[in-house]
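A.B. asks: sharing a sequence plus its predicted fold:
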Amino acid sequence: MRIALLTTGWLLFLIVAPLASPLPGPGGTVIAAFGLILVLRNSRWARHRFVRLKARWPRVGAFIDRILVRGSAKRRRAVAKRLAAN
């Protein structure tokens, strides 16, 4: 099942999203986000690369975390907000 989800994520991200991007509306972006979500949830290699990307470019990583609505990003923002309030 995990391999099927990973394959589906790569297909959505690399093939379907570029094909849908010329169409009117945000379809390509939404499809790419769903593909990226599937890949990051099912690939240890992709998660490792994503962590390296976030370390090198924190603003890009924070933006992608916000788009993907990652639980870890929500927890980090909540902690930062609590620390800033104190």
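C.D. replies: Okay, I see it.
A.B. asks: which parts of the chain are helices?
C.D. replies: Using DSSP state H, the helices of the chain run over residues 2-11, 17-20, 27-42, 44-56, 58-68, 71-85.
A.B. asks: pick the most deeply packed of those.
C.D. replies: helix 27-42 (a mean of 18; mean count of other Cβ atoms under 10 Å). Every C-beta, even on glycine, is put in place using the N, C-alpha and C of the backbone.
A.B. asks: what's in contact with that one?
C.D. replies: Applying Cβ atoms under 8 Å, 6 or more residues apart in numbering, the external contacts of helix 27-42 come out as 2, 5-6, 8-14, 16-22, 46-47, 50, 64, 67-68.
A.B. asks: report the inter-axis angle for that helix versus helix 2-11.
C.D. replies: Counting by axes from the mean of the first three to the mean of the last three Cα atoms, to 10 degrees, helix 27-42 lies at 150 degrees to helix 2-11.
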